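Colleague: let me see the structure of the following:
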Amino acid sequence: AYAALAKLGPASVLTTAVVAPKPPANGTIDGPLVIVGGGDLFLATADYRPSQTEWTLAGEPVTRIEDLADRIK
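Modeller: Model prediction:
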């Protein structure tokens with residue numbers, strides 16, 4: 001955390017983007033959407049986080065990628 005703060009500065013914002021390989025036609029995206037993580041340490045699949053119980057606390061916040069995909073949809 002210190003290295004990121006020192007390198008990027010306190011005003012830096014890490015973002016997660018949603019990208020469509022093809023531009024929308026008539027407001028509709030025909031094809032896949034890709035979620036591009038930009039540094040969210042808590043972004044994880046439902047299966048990944050529980051597999052890491054040796055080093056993480058059960059109460060740690062998690063942004064489930066499945067929930068994010070549902071909200072985008």
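
Colleague: that's a strand at A6, yeah?
Modeller: No - going by DSSP: H, G, I helix; E, B strand; the rest coil, the assignment for A6 is helix, not a strand.

Colleague: I'd like the distance between it and S12.
Modeller: According to CB to CB, to the nearest Å, A6 stands 11 Å off from S12. Placement of C-beta: from N, CA and C, glycine included.

Colleague: what's across from T28 in the sheet?
Modeller: Beta-bridge partners recorded for T28 (DSSP bridges): A25.

Colleague: and the gap between it and A20?
Modeller: Taken as CB to CB, the span from T28 to A20 is 10 Å.

Colleague: tell me the pLDDT at the residue lying farthest from the centre of the chain?
Modeller: For the chain, the largest distance from the centre (CA atoms, centre = their mean) belongs to N26, which lies 27.5 Å off. Note on N26: pLDDT of 86.

Colleague: and G9, by the same measure?
Modeller: So G9 comes in at 92 (pLDDT).

Colleague: burial count for it?
Modeller: 8 (other CB atoms under 10 Å).

Colleague: average pLDDT across stretch 37-47?
Modeller: 79.

Colleague: list the buried residues of that stretch.
Modeller: Residues of stretch 37-47 classed as buried: L43, A44 (neighbour count, 16 or more other CB atoms under 10 Å).

Colleague: hmm, back to that, which of T28 and A20 has more residues huddled nearby?
Modeller: A20 (12 against 6).

Colleague: for D30, see how far away the more buried one is.
Modeller: Per CB to CB, A20 is found 9 Å from D30.

Colleague: ranges for the strands of this structure?
Modeller: 17-19, 34-36, 43-44, 63-64 (DSSP state E).

Colleague: out of those, which one sits most buried?
Modeller: strand 43-44 (a mean of 18; mean count of other CB atoms under 10 Å).

Colleague: pLDDT score for V19?
Modeller: According to the model, V19 scores 90 on pLDDT.

Colleague: what's across from it in the sheet?
Modeller: Under the criterion used (DSSP bridges), V19 bridges to V34.
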